[in-house]
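Student: Show me the folded form of this:
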Amino acid sequence: MDVQHFERITAFIEARLTPLFDAGTGSENGFGMDDTSRALRALRNSVLEASAVKGLIEKRESAEPATRRVIDQSVEHNWDVLRGIARQWEDHADFRREFKRHAWELDGAATAGASS
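Tutor: Down below sits the predicted model:
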C-alpha cells in the first residue's frame, strides 16, 4: 500500500462528488441546510478524513514496531472506508480493480510488481 493508492481512490471519488455540488441537482450547491446538501458534505468529509491517513504511510518506515502496527491498522481501516465509498460506482468506466482490493492484497501486488 502506498500513497498513490490513496491519491487514486480519492481522486476517483472526488470526481464523482464534485459535480453533485451543483445547483442543477436540486441541492443548494451542497452548502445549504437541505438533506441533500448535508449528505453531500458528510460524504465529502468522510472521504477527506479517510484520505488524510496517506501522511502516515510516509512515516511508517522510520516508526518503531508498535507505532508501525498502529499505522498499518489505521491505513487498512481508512482504505476500507474509501473502498466502500468507491464501490458505489463499481460500474463506472474509471473504476479500477484496485479499488475492490483489501489493503493487504495491494501490499502483495506492490511487492510482486517490484520483483518483476
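Student: need the contact list for residue 87.
Tutor: Going by C-beta atoms under 8 Å, 6 or more residues apart in numbering, residue 87 touches 99, 100. Where C-beta positions appear, they are placed from N, C-alpha and C, glycine not excepted.
Student: Tell me the confidence at it?
Tutor: Turning to residue 87, the model gives it a pLDDT of 97.
Student: same question, the one 3 residues further on
Tutor: pLDDT, the model's per-residue confidence, is 97 for residue 90.
Student: now the nearest residue to it once chain neighbours are set aside: how far from residue 41?
Tutor: Closest residue to residue 90 apart from its sequence neighbours, by C-beta to C-beta, 6 or more residues apart in numbering: residue 100 at 7.3 Å. Counting by C-beta to C-beta, to the nearest Å, the separation of residue 100 from residue 41 is 27 Å.
Student: between those two, who's got more neighbours?
Tutor: Between residue 100 and residue 41, counted using other C-beta atoms under 10 Å, residue 41 has the larger neighbour count: 15 against 12.
Student: host element of that one?
Tutor: Using DSSP states H and E, residue 41 maps to helix 35-51.
Student: Tell me where the protein is predicted with low confidence.
Tutor: Within the chain, the stretches with pLDDT under 70 are 26, 108-116.
Student: top helix in it by residue count?
Tutor: helix 65-86 (DSSP state H).
Student: In it, which residues are buried?
Tutor: Buried residues in helix 65-86, counting neighbours by 16 or more other C-beta atoms under 10 Å, are found at 71, 72, 75, 76, 78, 79, 82, 83, 85, 86.
Student: next one: stretch 16-29
Tutor: Buried positions in stretch 16-29, judged by neighbour count with 16+ other C-beta under 10 Å: 16, 20, 21, 27.
Student: Run a quick neighbour tally on residue 105.
Tutor: 12.
Student: That one: what's it in contact with?
Tutor: Applying C-beta under 8 Å, 6+ apart to residue 105 gives no contacts.
Student: gap between it and residue 84?
Tutor: Counting by C-beta to C-beta, the separation of residue 105 from residue 84 is 15 Å.
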